[in-house]
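# below is the structure, and that's it, no one-letter string:
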């Protein structure tokens, strides 16, 4: 039996998109060295752009089911139309047709059809991947447009990542979380030990920071905050500091508004790789050391 | 008493599955006959609500207790209301026969 | 005319474009209404004056099972695709698990003895803000714990009704809430930034819009920040570039304060004015002078 050891799972979150969450995850992955990295932002995955992972294994993800009507069998009675509450069935020249993007997969149309003309087919166009990259293992996914982002795909890739970590005897799992506070976010934090919340010093950033901190508090994660673009609005930044202090959440980094992140991105590198001596890299390195010390991470190799 | 235990494979040497709702199999151990049976979990592939569906399944199979690593809040309250005992397994990587040995 | 402002991921400037476009339309005396369809994280209201006046509740139907009438046949449970009906024949037990219910009506149709009725439960709100006594902003907002914002989005859009211009601030991503917002739109404006992340997300959004057959154009926000790859891609794909919003710390600062760029930095007003003109020309090609 393999020894699971103390697997530590760090999830990087942000209430809203565009705060720099993925860039900071990439920097942490670089500092960690050998780890398993998971891109849980399955709706708009970006981390792979920086790490150009080599796909080792492609897996199908069935996100749900969609109804289809066999027009050769259908007698146009309209019963399905009357029962559908998702406005997913429309008449095209008298023939009921399912609008795939509106269908919720409830199967009611198929059940009430007297001719048995309706069947449910799996929505199986989404994929998830086990890959390798320059710092270890990389688990990521691509959700098909319009398919439900139910959080289940996040759960699937998390489980794959956990078993990879156990197989490879890697002690740290780093997750790039989805934005927001919805179902996929909850799936990404369930089972994690440490949350790093990346926010930006703007009014909407503050609003979203409060929402995400109240969420992670429910799940009792060790939580830390990094304020990105802290110099954008000093008043908001101060308000964030005060709020975090009252919530007993340490702010372990204040990163300036820095276009170097974008330059690094263009060169498919993390900030630590592209500009290791930049002030932002320095802040991230210090924040990382704080994480390592406070959470007693067993880091074998970092720069 | 009949006890349901989530597991990853249908064998006594298999590990306990950390998940309840989406575990691959359930082991049903009957304390009186000391027999263990393994049944595939029909709720494992549910899009949503796998936990309650799995709870419903184990109770319909006659389980009066569930031994697992952890349960979600929905499953916990459902099992409580049905007077099904929850036996929390605090140790990681237990095998089914180790768990059965506890009774 | 209905215009949706969308982006593959959050933080690209979708709200910046929606609110400033709204303001220049208003200044232009256009009959315009803004609808915040990002019902999970609505924040257009931060940028516009006024307190919400009318507040409506968005509801869904939720089954109620009369246990005195129920014969415990299990048909409603079998018909439910969402595991939302907990059912045991022995010991007799039937319960609706409300947070799993999708309001599809299958259980109601399944029950042969009329034991199931429905009650109305709230899932979100619509609020209305007025400027000069005219409807200006409709905000859809989900209640915490609501599984899907789609119904709230649809209702917010229909509440807007007919106006010369309806601007929909779409939710990020490409899943169901995004589809529900762009579906009724005549034209979709995608906001992106000239970075590898921006291009990657834009390509996914455009793929989705092409499948739906929706006409669309692109606004490049933070122009000058990244590289040329996005522009080359737009030319190769033949996608119309509607406007460039320059990368300027001043814009980010004004936005961070919750203010409108066209009001605080009037130099940028022509950018949004031109954008408005081009969108109108695209959505109504016949009106090009």
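Sure thing, it's come through. Bear in mind that the values here come from a model prediction, so they are computed numbers and not experimental data.
# residues in contact with stretch C:196-216: which ones?
Under the contact criterion C-beta atoms under 8 Å, 6 or more residues apart in numbering or on different chains, stretch C:196-216 has outside partners A:22, A:44, A:46, A:49, A:101, A:145-146, A:265-266, A:268, C:6-9, C:12, C:174, C:178-179, C:182-183, C:185-190, C:192, C:218, C:226, C:229-230, C:233, C:237, C:239-240, C:282-283. Just so you know, the C-beta spots here come from the backbone N, C-alpha and C atoms, and that holds for glycine as well.
# so which bits of that stretch are buried?
C:196-206, C:208-209, C:212, C:214, C:216 (16 or more other C-beta atoms under 10 Å in any protein chain shown).
# what of stretch C:45-59?
Residues C:45, C:46, C:47, C:48, C:52, C:58 are the ones in stretch C:45-59 that count as buried (16+ other C-beta under 10 Å).
# where does the nearest residue to residue A:284 once chain neighbours are set aside sit relative to residue A:48, distance-wise?
Leaving aside its sequence neighbours, residue A:284 sits nearest to residue A:27 (C-beta to C-beta, 6 or more residues apart in numbering or on different chains; 4.8 Å). Applying C-beta to C-beta, to the nearest Å, the value for residue A:27 to residue A:48 is 16 Å.
# more crowded one of these two?
A direct count of neighbours by other C-beta atoms under 10 Å in any protein chain shown for residue A:27 and residue A:48 places residue A:27 higher, at 28 against 21.
# could you list the low-pLDDT ranges of the stretch 51-200 of chain A?
Confidence mapping of the stretch 51-200 of chain A against pLDDT under 70 gives the ranges A:149-150.
# in the sheet, who's paired with the residue in the stretch 51-200 of chain A that chain B sits nearest to?
Among the residues of the stretch 51-200 of chain A, residue A:64 lies nearest to chain B; the distance is 5.4 Å by C-beta to the nearest C-beta. With DSSP bridges as the criterion, residue A:64 is bridged to residue A:123.
# how about the residues of chain C by chain B?
When proximity is defined as C-beta under 8 Å from any C-beta of the partner chain, chain C approaches chain B at C:81-84, C:86-91, C:93, C:97, C:99-100.
# check the residues you listed against chain A, which are close?
Filtering the residues of chain C next to chain B for proximity to chain A by C-beta under 8 Å from any C-beta leaves C:81, C:82.
# against residue B:90, how distant is the closest residue to residue C:27 other than its chain neighbours?
Spatially, and ignoring its direct neighbours in sequence, residue C:27 is nearest to residue C:262 (7.8 Å; C-beta to C-beta, 6+ apart). Using C-beta to C-beta, we find residue C:262 at a distance of 60 Å from residue B:90.
# residue most distant from the centroid, the chain?
If you meant another chain, say so; for now it's chain A. For chain A, the largest distance from the centre (C-alpha atoms, centre = their mean) belongs to residue A:75, which lies 44.8 Å off.
# oops, wrong one, chain B.
In chain B, the residue that sits farthest from the middle, by C-alpha atoms, centre = their mean, is residue B:47; the gap is 19.7 Å.
# confidence score at it?
Note on residue B:47: pLDDT of 82.
# distance check, it against chain A.
5 Å (C-beta to the nearest C-beta, to the nearest Å).
# state the number of residues packed around the residue lying closest to that residue once chain neighbours are set aside.
Closest residue to residue B:47 apart from its sequence neighbours, by C-beta to C-beta, 6+ apart: residue A:64 at 5.4 Å. Applying other C-beta under 10 Å, we find 20 residues neighbouring residue A:64.
# tell me which element residue 58 is part of?
Just going to use chain A. Using DSSP states H and E, residue A:58 maps to strand A:54-61.
# not quite, go with chain B.
Going by DSSP H and E, residue B:58 is in helix B:50-60.
# what residues does chain B put near chain A?
Contact residues (C-beta under 8 Å from any C-beta) of chain B with chain A: B:15, B:22, B:47, B:48, B:92, B:93.
# much appreciated, bye for now.
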